[in-house]
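K.L.:
Quick check, what structure comes out for this input:
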Amino acid sequence: MKLKTTAEHLVSLLAAHGVEYLFLNPGTDTAPVQEAVYSLAEAGLPAPTVLPSTFESVSLAAAHAYWNMTGRPQAVFVHVDAGTQNLGAMVHNVLRGRAGVIVIAGKTPYGEEDGPSGGRNRPIQWQQDVPDQPGIVRGYAKWIQEITRPEMLDRAIGRAVQVAASSPAGMAYLTVSRDVLMDPPRLDHSRVSGFAVPVPPAADKGAVARISPNVDPATHTLSIRCAVKNPGLRLKPQMLARIKIVTSSGSALIVPQDALVFDTDCYYAFVLAPGNVIVRREVAIRS
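P.N.:
Next up is the predicted model:
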């Protein structure tokens, strides 16, 4: 099957990027997407499973929950500015919960003539033409993009998935009008590679290679050198790491070096013995 519309291309790209579910809130701008999902399924091509909802905040909450369970961002399609507003407090939860989600919102068609091109055909579509629709979620979205032409679709979808899933995860918000969705697709712009999701370094378990024999007199700490594997060179110079050292049970006496006295060829420490008597004892330094 050759894709016929940009909406079919959009659904195909979502599937290619691993989006499994499309939480859909129907409106005048979603018909091309609904038809696209049906057409791809009829042709046996991959497409996300559509889960319709009558309220947008429920859809976003479901996508948030799916992220929490799997760590994979899913897509939510809402109806223009009103559907964006109906996402409600769930956008706050997505921001504070650091959930990776992709919200795609319809937009008033650019064309002002009714017809097969998907232009405006209802008076309400002039009322939905607000000056700054993305401004509704600007303070909560990690990335915002308006898809104005079919040839920019592959980059917009790929970047949205990448940004949503990258740590710290968040919401990518895209807008696309009905007439753009009904335009013929630009299949020569179908890149799905090159949108790698960065991950924090995850070093393999290592071992303590050396413990300094000297105690820092200012901090009373020891310097420790660890040997760890570094596949793919994910650990870089000057990075900071939080490590946990697991040791076997046992005890050892550690004293600052300036508490030792060197005499002839031995180190000594003065200790308080029973009877409040101070005695000198020889100590051995180990490296």
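
K.L.:
mind listing what's buried in the helix ranked longest in the chain?
P.N.:
Using DSSP state H, we find that the single longest helix of the chain is helix 56-70. Across helix 56-70, burial judged by 16 or more other Cβ atoms under 10 Å covers 56-64, 66-67. Backbone N, C-alpha and C define where each C-beta goes, glycine included.

K.L.:
Format these as TSV; extra columns: distance to Leu40.
P.N.:
What follows is the buried residues of helix 56-70, written out as TSV (distance: Cβ to Cβ, whole Å):
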residue	distance to Leu40
Glu56	24
Ser57	28
Val58	25
Ser59	21
Leu60	24
Ala61	27
Ala62	22
Ala63	21
His64	26
Tyr66	21
Trp67	24
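
K.L.:
Nearest to Arg138 among the residues you listed?
P.N.:
Distance to Arg138, by Cβ to Cβ, is smallest for Leu60 among the buried residues of helix 56-70, at 16.2 Å.

K.L.:
okay, and the helix or strand of the chain with the least pLDDT?
P.N.:
When the helices and strands of the chain are scored by mean pLDDT, DSSP states H and E, strand 207-211 comes last with a mean of 83.

K.L.:
can you tell me which residues contact Ala209?
P.N.:
225-227 (Cβ atoms under 8 Å, 6 or more residues apart in numbering).

K.L.:
Kindly report the domain assignment for the protein.
P.N.:
Domain assignment for the chain by automatic domain parsing gives 6-181, 207-283.

K.L.:
Just the endpoints, please. Distance across the first one?
P.N.:
With Cα to Cα, to the nearest Å as the measure, the ends of domain 6-181 fall 5 Å from one another.

K.L.:
With the shortest one instead?
P.N.:
The first and final residues of domain 207-283 sit 27 Å from each other (Cα to Cα).

K.L.:
correct me, but Gln133 touches Val103?
P.N.:
No. Here Gln133 does not reach Val103: they are 11.6 Å apart, not a contact under Cβ atoms under 8 Å.

K.L.:
Now for the two: what residues contact both?
P.N.:
Thr84.

K.L.:
can you pick the most crowded of the contacts of Ala209?
P.N.:
Sorting the contacts of Ala209 by how many neighbours each has (other Cβ atoms under 10 Å) puts Cys226 first, at 13 neighbours.

K.L.:
Now do the SS call for that one.
P.N.:
strand (DSSP: H, G, I helix; E, B strand; the rest coil).

K.L.:
what pLDDT does Ile147 get?
P.N.:
Confidence at Ile147, expressed as pLDDT, is 98.

K.L.:
from here on, count from 854
P.N.:
New numbering, starting at 854: the last item is Ile1000.

K.L.:
Excluding residues flanking it in the chain, which one is nearest it?
P.N.:
Spatial nearest neighbour of Ile1000, excluding adjacent residues (Cβ to Cβ, 6 or more residues apart in numbering): Val1029 at 4.2 Å.

K.L.:
pretty sure that neighbour is touching Thr961, no?
P.N.:
No. Using Cβ under 8 Å, Val1029 is not in contact with Thr961; the gap is 11.1 Å.

K.L.:
The two: who's more crowded?
P.N.:
Val1029 (26 against 23).

K.L.:
bridging residues for the more buried one?
P.N.:
Val1029 forms beta bridges with Gly959, Ile1000, as assigned by DSSP bridges.

K.L.:
how near is it to Gly959?
P.N.:
7 Å (Cβ to Cβ, to the nearest Å).

K.L.:
returning to that earlier point: what sits against the residue nearest to Ile1000?
P.N.:
Applying Cβ under 8 Å, 6+ apart, the residues contacting Val1029 are 863, 957-960, 999-1000.

K.L.:
Turn those into a markdown table, columns for distance to Leu898 and neighbour count.
P.N.:
Formatted as a markdown table, those follow (distance: Cβ to Cβ, whole Å; neighbours: other Cβ atoms under 10 Å):
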| residue | distance to Leu898 | neighbour count |
| --- | --- | --- |
| Leu863 | 13 | 29 |
| Ile957 | 19 | 25 |
| Ala958 | 25 | 27 |
| Gly959 | 23 | 28 |
| Lys960 | 26 | 27 |
| Glu999 | 27 | 16 |
| Ile1000 | 21 | 22 |
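
K.L.:
Would you convert the residues you listed into JSON lines that also reports distance to Pro1070?
P.N.:
Output for these, formatted as JSON lines (distance: Cβ to Cβ, whole Å):
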{"residue": "Leu863", "distance to Pro1070": "65"}
{"residue": "Ile957", "distance to Pro1070": "61"}
{"residue": "Ala958", "distance to Pro1070": "62"}
{"residue": "Gly959", "distance to Pro1070": "67"}
{"residue": "Lys960", "distance to Pro1070": "66"}
{"residue": "Glu999", "distance to Pro1070": "61"}
{"residue": "Ile1000", "distance to Pro1070": "63"}
